[in-house]
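Participant: coords please:
(one chain, ligands or ions: 1)
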Amino acid sequence: MEYDVIIVGAGPTGYMCAYRLLEQNKNLKVLLVDKGKDIKSRICPLLSHKLLTCPKTVKGTGCLPSCSITTGFGGAGAFSDGKFNITSQFGGWLSDYISEEQLLSLIKYCDDVNLKFGATKVLTDPYTDEVRKIEQTAIGVGLMLLRAKVRHLGTEENVKILSKIKDSLSEMGADFIFEKALSDIIVEDSKVQGVVLEDGREIKAREVVLGLGREGSTFLEKMLRRHKVGFRNNQVDIGVRVETSNIVMQDINKYLYEGKFVFNSHSGTQVRTFCSNPSGHVVVENDDGVILANGHSYNDPKLGSENTNFALLVSHKFSEPFTDPNQFAKDVASLANRLSCGSVIVQKYGDLKRGRRSTPKRIEQGFVRPTLKEAVPGDLGLCLPYKTLASIIDMIEALDHVTPGIANEHTLLYGVEAKFYSARPDTDMNLEVKGISNLYCGGDGAGITRGLAQAGASGVLIADSILSKGE
Ligand SMILES: Cc1cc2nc3c(=O)[nH]c(=O)nc-3n(C[C@H](O)[C@H](O)[C@H](O)COP(=O)(O)OP(=O)(O)OC[C@H]3O[C@@H](n4cnc5c(N)ncnc54)[C@H](O)[C@@H]3O)c2cc1C
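Facilitator: Presented below is the predicted three-dimensional model:
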């Protein structure tokens with residue numbers, strides 16, 4: 001064998017796995033492969049040349065062979081402001097595999113690694129008297145406030161931390177191959193033997209770890225199905241982007257910045273708030289031709305709006321015979337695209353409850369100015385399934401106790417917003433794939449996590465399983 005361990009994907013799953021392996025056993029031969037570039041070469045032409053649209057694949061500009069923003073050492077979130085959430089309550093489903101205590105200790109390990117390489121010591125834990133009061137009201141109406149200690153890594157700092165982790169891995173003896181995609185795994189007698197890269201190179205290893213992220217999830221599923229690995233459907237989240245005035249949200253914005261609430265609706269679904277943007281703007285997102293609502297806010301207060309937006313997402317889980325939850329969400333969103341002639345629909349909450357469409361005039365007369373001017377006034381009742389819509393209404397009414405005024409007539413709902421997750425390969429509790437020994441899958445690409453902290457934790461879990469086998 002050329003290597004003890006080959007890790008494909010140098011996102012948090014991959015680099016935390018490599019770090020733990022080499023920290024615990026410096027004699028291991030570890031190779032990290034990623035189709036993107038090394039962290040210092042991840043230069044986006046859009047940002048560096050101030051281009052307005054992505055040129056996709058321009059020679060010499062930094063985005064060949066794949067997008068420098070989403071791929072390469074550091075993974076998908078390398079250029080995000082990096083909110084590292086220290087909690088087992090959200091950010092993935094690793095607690096389906098291990099205990100919450102174990103998960104928290106793995107997250108703590110990743111946090112310590114970030115700290116070692118320069119992460120800020122500041123940890124926000126918004127458990128003030130005001131937050132306790134909000135939480136108390138929330139519990140009274142069946143809303144659970146999800147709390148997390150957050151280490152805000154910050155975009156520039158995040159890149160510096162990643163560069164130092166990369167340098168440290170090199171010093172510890174790790175090898176790297178960048179700008180080469182995995183094309184297959186080598187399996188003999190139900191045991192993984194190595195990987196095949198896109199240039200046809202075969203590299204042998206005792207253990208193979210796949211942390212391909214959302215970017216590589218479709219490829220991962222196709223490849224593993226070819227090797228007869230079973231998959232479990234994941235949930236899909238469908239809902240709306242809510243927009244209201246900053247005044248309605250002022251307490252949440254002030255004391256929590258982002259209030260994460262979960263609610264069990266009367267329809268039996270779970271609804272959650274997600275991605276709150278004080279003084280933000282609603283935007284559209286193009287997912288392979290399907291137009292979805294989303295939201296963001298600028299760092300520069302001068303660019304802020306008078307509104308706060310956040311998503312309300314209803315989790316949909318499917319059982320046999322249906323096997324394509326992501327397509328279901330895309331079909332629902334496509335209906336909204338069709339009704340709005342290629343855009344998203346905006347509707348006043350009052351109109352939705354009256355069972356009538358919003359018209360341009362009704363929106364114009366409303367008290368909340370839509371920040372997404374391209375949204376078309378219409379009727380979300382014509383495209384969202386009953387269960388989804390009833391759950392959203394339930395949640396808005398419950399939220400009205402915590403943020404009085406949110407259920408008012410003028411609140412705007414944009415639809416459809418959706419969050420897709422990868423299907424989960426069948427694995428054991430250590431994320432070793434069933435049917436192919438010594439092959440592991442972790443992180444977002446395997447549908448197990450959806451955040452930096454749990455993705456890193458999944459890599460450490462895998463490393464520990466490999467270390468426990470001995471050499
Ligand atoms: C803009 C943005 C902002 C975010 N902000 C936050 C945040 O603030 N807090 C938070 O907790 N989470 C955030 N996230 C989510 C977080 O980045 C992900 O949850 C996390 O990166 C997942 O880690 P991963 O290792 O599973 O996959 P990824 O980070 O996606 O890494 C996967 C790697 O695999 C490589 N790869 C894929 N296919 C192949 C192949 N065939 N061959 C070789 N290599 C391959 C890719 O190039 C990539 O580098 C954000 C994500 C984005 C996109």
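Participant: wait, what's in contact with Gly213?
Facilitator: Contact partners of Gly213, counting by CB atoms under 8 Å, 6 or more residues apart in numbering, are 9, 11, 13, 70-71, 75-76, 443-445. In this view, the C-beta of every residue, glycine as well, is placed from N, C-alpha and C.
Participant: Check Ile291 too.
Facilitator: Contacts here follow CB under 8 Å, 6+ apart; on that basis Ile291 touches 284-285, 333, 337, 342-344.
Participant: Next: Leu312.
Facilitator: Leu312 makes contact with 239-242, 271-274, 392, 395-396, according to CB under 8 Å, 6+ apart.
Participant: Ranking helices and strands of this structure by mean pLDDT, which lands last?
Facilitator: helix 45-48 (a mean of 67; mean pLDDT, DSSP states H and E).
Participant: So which elements touch the very next helix or strand once past it?
Facilitator: Of the helices and strands lying after helix 45-48 in sequence (DSSP states H and E), the nearest is strand 83-86. Secondary-structure packing of strand 83-86 (3 or more CB pairs under 8 Å, 6 or more residues apart in numbering; DSSP states H and E): helix 100-116, strand 149-152, helix 452-468.
Participant: what's the closest of the ones you listed to the ligand?
Facilitator: Of all those, it is helix 452-468 that lies closest to the ligand, at 3.4 Å by CB to the nearest ligand atom.
Participant: Run the contact check for that closest one versus the ligand.
Facilitator: Yes - shown here: helix 452-468 in contact with the ligand (CB under 6 Å from any ligand atom) through 452-453, 455.
Participant: could I get that helix in PDB with only the CA atoms?
Facilitator: Taking Å, rounded to 0.1, in the frame of the first residue of the first chain, the C-alpha atoms of helix 452-468 are listed here in PDB:
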ATOM      1  CA  LEU A 452     -18.500  23.500   9.900                       C
ATOM      2  CA  ALA A 453     -18.500  22.200  13.400                       C
ATOM      3  CA  GLN A 454     -20.300  18.900  12.800                       C
ATOM      4  CA  ALA A 455     -18.500  18.300   9.500                       C
ATOM      5  CA  GLY A 456     -15.100  18.600  11.300                       C
ATOM      6  CA  ALA A 457     -16.500  16.400  14.100                       C
ATOM      7  CA  SER A 458     -17.400  13.700  11.500                       C
ATOM      8  CA  GLY A 459     -13.800  13.800  10.200                       C
ATOM      9  CA  VAL A 460     -12.500  13.300  13.800                       C
ATOM     10  CA  LEU A 461     -14.900  10.500  14.400                       C
ATOM     11  CA  ILE A 462     -13.600   8.700  11.300                       C
ATOM     12  CA  ALA A 463     -10.000   9.300  12.300                       C
ATOM     13  CA  ASP A 464     -10.600   7.800  15.700                       C
ATOM     14  CA  SER A 465     -12.200   4.700  14.200                       C
ATOM     15  CA  ILE A 466      -9.200   4.300  11.900                       C
ATOM     16  CA  LEU A 467      -6.700   4.800  14.800                       C
ATOM     17  CA  SER A 468      -8.600   2.300  16.900                       C
END
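Participant: Name the residues of that helix that are buried.
Facilitator: Buried residues in helix 452-468, counted by 16 or more other CB atoms under 10 Å: 452-467.
Participant: now stretch 18-26
Facilitator: Buried residues in stretch 18-26 (16+ other CB under 10 Å): 18-22.
Participant: Then stretch 422-431?
Facilitator: Residues of stretch 422-431 classed as buried: 422-425, 427, 431 (neighbour count, 16+ other CB under 10 Å).
Participant: Repeat that for stretch 360-378.
Facilitator: For stretch 360-378, burial by neighbour count (16+ other CB under 10 Å) applies to 362-363, 366, 368, 370-372, 375-378.
Participant: Sitting in strands, which of these do you find?
Facilitator: 376-377 (DSSP state E).
Participant: Same list (the buried residues of stretch 360-378) but as a markdown table, adding pLDDT.
Facilitator: Shown next, in a markdown table, are the buried residues of stretch 360-378 (pLDDT from 0 to 100):
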| residue | pLDDT |
| --- | --- |
| Arg362 | 98 |
| Ile363 | 98 |
| Gly366 | 97 |
| Val368 | 98 |
| Pro370 | 97 |
| Thr371 | 96 |
| Leu372 | 95 |
| Ala375 | 96 |
| Val376 | 97 |
| Pro377 | 98 |
| Gly378 | 98 |
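Participant: Output the buried residues of stretch 360-378 in JSON lines; the columns should cover distance to the ligand.
Facilitator: Shown next, in JSON lines, are these (distance: CB to the nearest ligand atom, whole Å):
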{"residue": "Arg362", "distance to the ligand": "35"}
{"residue": "Ile363", "distance to the ligand": "30"}
{"residue": "Gly366", "distance to the ligand": "31"}
{"residue": "Val368", "distance to the ligand": "27"}
{"residue": "Pro370", "distance to the ligand": "24"}
{"residue": "Thr371", "distance to the ligand": "20"}
{"residue": "Leu372", "distance to the ligand": "19"}
{"residue": "Ala375", "distance to the ligand": "22"}
{"residue": "Val376", "distance to the ligand": "27"}
{"residue": "Pro377", "distance to the ligand": "30"}
{"residue": "Gly378", "distance to the ligand": "29"}
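Participant: Sketch out the low-pLDDT regions of the stretch 301-450 of the chain for me.
Facilitator: Scanning the stretch 301-450 of the chain for pLDDT under 70 picks out nothing.
Participant: got a list of what the residue of it found nearest the ligand touches?
Facilitator: Residue nearest to the ligand within the stretch 301-450 of the chain: Gly443 (2.3 Å; CB to the nearest ligand atom). Contacts for Gly443 (CB under 8 Å, 6+ apart) come out as 9, 11-14, 211-213, 449, 455, 458-459.
Participant: measure Leu169 to Gly200 for me?
Facilitator: 26 Å (CB to CB, to the nearest Å).
Participant: Which one's more surrounded, these two?
Facilitator: Leu169 (22 against 7; other CB atoms under 10 Å).
Participant: Tell me which stretches of the stretch 251-400 of the chain form strands.
Facilitator: Remark: strands assigned in the stretch 251-400 of the chain by DSSP state E, counting those that start in this stretch are 260-264, 270-277, 281-287, 290-296, 307-316, 345-348, 376-377.
Participant: relative to strand 270-277, how tilted is the fifth one?
Facilitator: So the one you mean is strand 307-316. Strand 307-316 runs at 150 degrees relative to strand 270-277, counting by axes from the mean of the first three to the mean of the last three CA atoms, to 10 degrees.
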